[in-house]
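K.L.:
predicted coordinates and the sequence they were generated for:
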Amino acid sequence: MKELAKKIICACIFSAISLAAFSADIFGALNKVNSAVQKSQDVKKTLEQASSTVESIDRAAEPITTQDSYFIGRTVASNVLTEYKLYTAFPKATAYVNKICKAITMNSDTPKIYKDYCVAILDSDEINALSTSGGHIFITTGILKCCNSEDEVAAIIAHEIAHIQLKHATTAIKTVRTTEAISNSATMAKNYTKQFSNLNQEEKQSADFLTSSSISMMNVITETGYTKGQEFKADEKAVSLMADTGYDPNALTDVLKMLKSKSSGEDSGWGKTHPKPETRINSVQKVLKNFTFTGIGRDARQSRFENALAGIKQP
């Protein structure tokens, strides 16, 4: 009887040990399955992120229509008007700068755009002018106070028209789209490297290359927009626009000399995206050699200028 009891107890113990071992094997196998599933899900997530990034880059490469340019520009213009106050004290000043704009665009190769060109005066002492992809041009009272002739006002407006007609703002928009897409790919690459820290050396090198290349490309792309090269192109086209309209293209160098005299010498704000005034002057002077100006109508333009901007120019 005792021997039977011993056998039963031994059998139970053996069964328990076997069951424990079997359970351990089961749980170990389940853990491996779970780990594999998790890894599969991580891979799937990473592939989905990669697919999304490719789609974003594809979208960035899509052309921007004239309608898109207008509505994007209108949004930018709206944002500008939340930061600045419109100048309304003398409405004839606004009508005047719009007539100058109309004269220039009528004599250009792009006289009409989706919703036409429009110039607004901002009540600000800042010496600045800007434009949007939708044909909106903003010019500050600060820069108008610095002008000494209608030709100088025309030079400022012609430069902004040149940006619009050369589609520089559209290029900047596509740059932002591409930058965001590549930024997302750089983030994805970092996450990929973090998730799969057990990659072999070759795989790690590939992931590191993707990350560093994405970041490097992003840095290059963010230098575009209104680049120095685009500013030179806008100056060159502005000279042509002014000459074709009958304005003195030499007035652009006068404006640049004024900007040089007003410059603080700091490489910030306006200076970051524009070449130094003296560099632009040298560039414009080379272009001016291809144009001649007779001076016809200068007195009439000066009279219009003094009359229209009297409210802004007065102390």
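P.N.:
Good, I have the coordinates.

K.L.:
where does the stretch 51-200 of the chain dip in pLDDT?
P.N.:
51-62, 172-200 (pLDDT under 70).

K.L.:
all helices of it, in order?
P.N.:
Using DSSP state H, counting those that start in this stretch, the helices of the stretch 51-200 of the chain run over 66-83, 91-106, 141-145, 150-165, 168-195.

K.L.:
ok, which of the ones you listed comes nearest Arg298?
P.N.:
helix 150-165 (7.7 Å; C-beta to C-beta). (Glycine included, C-beta is placed from N, CA and C.)

K.L.:
what's the burial count for the nearest residue to Ile121 once chain neighbours are set aside?
P.N.:
Nearest non-adjacent residue to Ile121, counting by C-beta to C-beta, 6 or more residues apart in numbering: Tyr87, 4.0 Å away. Neighbour count for Tyr87, taken as other C-beta atoms under 10 Å: 20.

K.L.:
how near is Tyr87 to Leu81?
P.N.:
12 Å (C-beta to C-beta, to the nearest Å).

K.L.:
equivalent analysis for Lys228, please.
P.N.:
Taken as C-beta to C-beta, the span from Lys228 to Leu81 is 28 Å.

K.L.:
one more: Lys262?
P.N.:
Where Leu81 is concerned, Lys262 sits at a distance of 24 Å (C-beta to C-beta).

K.L.:
now Thr294
P.N.:
Thr294 is 40 Å from Leu81, by C-beta to C-beta.

K.L.:
got it, and Val119?
P.N.:
For Val119, the distance to Leu81 - C-beta to C-beta - is 14 Å.

K.L.:
so these two - more neighbours on which side?
P.N.:
Val119 (23 against 14).

K.L.:
any idea what that one is bridged to?
P.N.:
Counting by DSSP bridges, Val119 forms beta bridges with Ile137.

K.L.:
give the contact list for it.
P.N.:
94, 97-98, 100-101, 137-139, 157 (C-beta atoms under 8 Å, 6 or more residues apart in numbering).

K.L.:
these two touch, right, Ala162 and Ala238?
P.N.:
Yes. Contact criterion C-beta atoms under 8 Å: Ala162 and Ala238 qualify, at 4.8 Å.

K.L.:
looking at these two, which one has more neighbours?
P.N.:
Higher neighbour count among Ala162 and Ala238: Ala238, with 28 against 24, using other C-beta under 10 Å.
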